[in-house]
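Participant: sequence unavailable; structure follows:
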């Protein structure tokens, strides 16, 4: 575990309850997601990351991941470090191509000994295409 040091980026921030020491994978995932131009807000929480092109309007300023929302692009990842598992809890992309960019950003930096799972598939074929491209993905 390492000290949480945010990169010099106005895109990545952390929830107030995030402890000082977290697994380095959080920063790697956040940094890789921040390279996707449409994702303007990446927030690190305890055991999860959210990234989106919109922020909530409440005082928490959470990235919004609204499935099927007009113009929304975002992802929420649940991260289980002890069991080396990343779960695509939700993903949405109203802009063609960004869903695949998000999946690629996660897959390209996650070690081979980690499980990457999709707990439910309501995508009308998106996850089938992603599994064909990334056979490590597991759809439950």
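Facilitator: That came through, no problem. Just so we're clear, the structure is a prediction, and the values are computed from it rather than from any experiment.

Participant: please make it C-alpha for all contacts and neighbour counts, starting now.
Facilitator: Fine.

Participant: pull the number of nearby residues for residue 47.
Facilitator: As a burial measure, residue 47 scores 15 neighbours (other CA atoms under 10 Å).

Participant: now the one 5 residues further on
Facilitator: Close neighbours of residue 52, defined as other CA under 10 Å, add up to 27.

Participant: same thing with residue 58?
Facilitator: A count of nearby residues for residue 58, using other CA under 10 Å, gives 7.

Participant: repeat for residue 72
Facilitator: Residue 72 has 21 neighbouring residues, counting by other CA under 10 Å.

Participant: list the contacts of it.
Facilitator: Listed by CA atoms under 8 Å, 6 or more residues apart in numbering, the contact set of residue 72 reads 52, 53, 54, 64, 65, 66, 92, 93, 94, 95.

Participant: phi first, then psi, for the fourth one.
Facilitator: By that I understand residue 64. Main-chain torsions, residue 64, degrees, to the nearest 10: phi -90, psi 130.

Participant: what of the fifth one?
Facilitator: The main-chain torsion angles of residue 65 are listed as degrees, to the nearest 10 and equal phi -120, psi 90.

Participant: that one touches residue 49, doesn't it?
Facilitator: No. Residue 65 is not in contact with residue 49 according to CA atoms under 8 Å; the separation is 11.1 Å.

Participant: now residue 101, what's its secondary structure?
Facilitator: What DSSP: H, G, I helix; E, B strand; the rest coil gives for residue 101 is helix.

Participant: ok, and the closest non-adjacent residue to it?
Facilitator: residue 36 (7.2 Å; CA to CA, 6 or more residues apart in numbering).

Participant: my guess is that neighbour contacts residue 100. True?
Facilitator: No. Counting by CA under 8 Å, residue 36 stays clear of residue 100, with 10.8 Å between them.

Participant: beta partners for residue 91?
Facilitator: residue 75 (DSSP bridges).

Participant: pretty sure it contacts residue 76?
Facilitator: Yes. Contact criterion CA under 8 Å: residue 91 and residue 76 qualify, at 6.4 Å.

Participant: between the two, which one's more packed in?
Facilitator: Taking other CA under 10 Å, residue 91 and residue 76 do not tie; residue 91 has more neighbours (24 against 21).
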